[in-house]
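*Asks:* my questions are about this predicted structure, shown below with the sequence.
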Amino acid sequence: MDSPTDPERSARGFALYVGLDEDTASATGLSLAEVVNRLKAQLEDLAPEASTHATIALAPRGTPGDNLELVRLALHDPGTLRALAEKQHKASEADGVVIDISRKRVVMGGEVVGLTFLEFELMQYLVLREGQSVSREAIIDHLWDPDSGESPNSRTIDVYVRRLRAKLEPYPDIVRTVRGQGYRFDRHADVTIIYGQGPSPDVAV
């Protein structure tokens, strides 16, 4: 391994992840703790000025997976955590619905759903108010500029919801009807929401 070169930063140490379970270590005649202590002693010979800290990563017995990968996950290695998050995101895109507020798109079964601007804005308005029943009048006030010259009514919202649900098949109940009140978005097992880094796009700060 070459030393990293970065004019803005300097190397201050390193982490060495070792994938080795107790049974494998015992087969060599050493416990895992003894292996760790011997490595620390060797490092002290190589670099007496180095300060060290060692920890043994634990996992429930029978946990499947590569020992090294499990160690990196247990110790919150940033690269491994990023890779896991990307893997989970890809899986959610393939298997369910991803509502990506940051990119203003919906992905279902790995394909981008062709929503119109108002259809997405309607869904976003409900998603950002998760668990709240939103009246048709509130939706109209949010989606239509009073100076636009258009005159939407409750029936207009019902039509947009029906179109949205048709495009979200087989997950139409993402948008729920609340009798006598309006519509609501509830947390759904098949739905992943990506909010992005900034403030909610329709909430004043």
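*Replies:* Yep, that arrived.

*Asks:* and the next element down the chain from the worst-scoring helix or strand of the chain on mean pLDDT?
*Replies:* Ranking every helix and strand in the chain by mean pLDDT, DSSP states H and E puts helix 78-95 at the bottom, with a mean of 67. Sequence-wise, the next helix or strand downstream of helix 78-95 (DSSP states H and E) is strand 97-100.

*Asks:* host element of the residue in the chain sticking out farthest from the centre?
*Replies:* Farthest-out residue of the chain from its mean C-alpha position, per C-alpha atoms, centre = their mean: Asp45, at 43.7 Å. Element membership of Asp45, judged by DSSP H and E, is helix 32-46.

*Asks:* let's test this: mean pLDDT of that helix, rounded?
*Replies:* Looking at helix 32-46 alone, the average pLDDT works out to 91.

*Asks:* show me what the next helix-or-strand element following that helix is packed up against.
*Replies:* The first helix or strand that comes after helix 32-46 along the chain, using DSSP H and E, is helix 67-74. Packing partners of helix 67-74 (3 or more C-beta pairs under 8 Å, 6 or more residues apart in numbering; DSSP states H and E): helix 78-95. Quick note: C-beta positions are derived from backbone N, CA and C, even for glycine.

*Asks:* give me the neighbour count for the nearest residue to Asp190 once chain neighbours are set aside.
*Replies:* Closest residue to Asp190 apart from its sequence neighbours, by C-beta to C-beta, 6 or more residues apart in numbering: Gly96 at 3.7 Å. Gly96 is flanked by 16 other residues according to other C-beta atoms under 10 Å.

*Asks:* surely Gly96 meets Ile174?
*Replies:* No: with contacts counted by C-beta atoms under 8 Å, Gly96 stays clear of Ile174, the gap being 10.2 Å.

*Asks:* identify the contacts common to the two.
*Replies:* Val191 (C-beta atoms under 8 Å, 6 or more residues apart in numbering).

*Asks:* ok so, going back, how far away is the residue nearest to Asp190 from Tyr195?
*Replies:* Distance of Gly96 to Tyr195, computed by C-beta to C-beta, to the nearest Å: 17 Å.

*Asks:* can you tell me the SS state at Thr192?
*Replies:* Following DSSP: H, G, I helix; E, B strand; the rest coil, Thr192 is assigned to strand.

*Asks:* surely it is in contact with Val106?
*Replies:* No: Thr192 lies out of contact with Val106 (C-beta under 8 Å); the separation is 10.6 Å.

*Asks:* those two: who's more crowded?
*Replies:* Val106 (23 against 17).

*Asks:* so that one bridges to which residues?
*Replies:* Counting by DSSP bridges, Val106 forms beta bridges with Ile99.

*Asks:* what's the domain layout of the protein?
*Replies:* Residue ranges for the domains of the chain, per automatic domain parsing: 22-76, 96-194.
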